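In: Predicted model and sequence follow; I will ask about them next.
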Amino acid sequence: MILSTFLEAIATILQLLVNVYSWVIIITALVSLVQANPYNPIVQFLYRITEPLYAKIRKIIPTIFGGIDFAPLFVLIVLQFISLFFIKVIRIYANSL
């Protein structure tokens with residue numbers, strides 16, 4: 001029972017983190033479209049927490065097609081996979097205990 005509750009808590013926290021980071025990516029993509037002031041502290045924060053992951057993806061696969069960077073889309077797809085597969089597996093395992 002304790003392990004089940006612990007795993008359910010882990011799954012809930014992971015789901016929250018995936019949702020928050022997904023929204024951060026969406027907001028960052030929108031900010032880049034309107035070309036916000038790059039010296040704004042909020043814009044700098046958004047870029048600081050998303051660009052390292054984008055850089056890692058760009059090393060693995062090319063993400064710029066037709067002048068558009070699809071790295072945010074790739075990250076969102078991976079986050080959705082994590083949400084729909086790994087977090088769901090944790091929840092199923094927790095419920096089976």
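Out: Done, it's in.

In: List the buried residues of the longest helix anywhere in the chain.
Out: Selection of the longest helix in the chain by residue count, based on DSSP state H, yields helix 2-34. Buried residues in helix 2-34, counted by 16 or more other C-beta atoms under 10 Å: 7-8, 11, 14-15, 18, 21-22, 25, 28-29, 31-32. Just so you know, the C-beta spots here come from the backbone N, C-alpha and C atoms, and that holds for glycine as well.

In: Let me know the pLDDT of residue 67.
Out: The score at residue 67 is 87. That number is its pLDDT.

In: swap that for residue 40, sorry
Out: The predicted local confidence for residue 40 is 94.

In: quick one: the longest helix of the chain to chain centroid distance?
Out: Its chain's average C-alpha position is 7 Å from that of helix 2-34, according to C-alpha atoms, centre = their mean, to the nearest Å.

In: I'd like to know which elements it is packed against.
Out: helix 41-60, helix 71-81, helix 88-96 (3 or more C-beta pairs under 8 Å, 6 or more residues apart in numbering; DSSP states H and E).

In: could you dump stretch 83-97 to CSV, C-alpha only?
Out: C-alpha atoms of stretch 83-97 as CSV (Å, rounded to 0.1, in the frame of the first residue of the first chain):
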residue,chain,number,x,y,z
SER,A,83,3.2,11.2,-20.5
LEU,A,84,1.2,8.6,-22.4
PHE,A,85,3.6,5.7,-21.9
PHE,A,86,6.0,5.9,-19.0
ILE,A,87,3.7,7.8,-16.6
LYS,A,88,0.8,5.5,-17.5
VAL,A,89,3.0,2.4,-16.9
ILE,A,90,3.9,3.8,-13.4
ARG,A,91,0.2,4.4,-12.6
ILE,A,92,-0.8,0.9,-13.8
TYR,A,93,1.9,-0.7,-11.8
ALA,A,94,1.0,1.3,-8.7
ASN,A,95,-2.7,0.3,-9.1
SER,A,96,-1.7,-3.4,-9.4
LEU,A,97,0.1,-3.4,-6.1
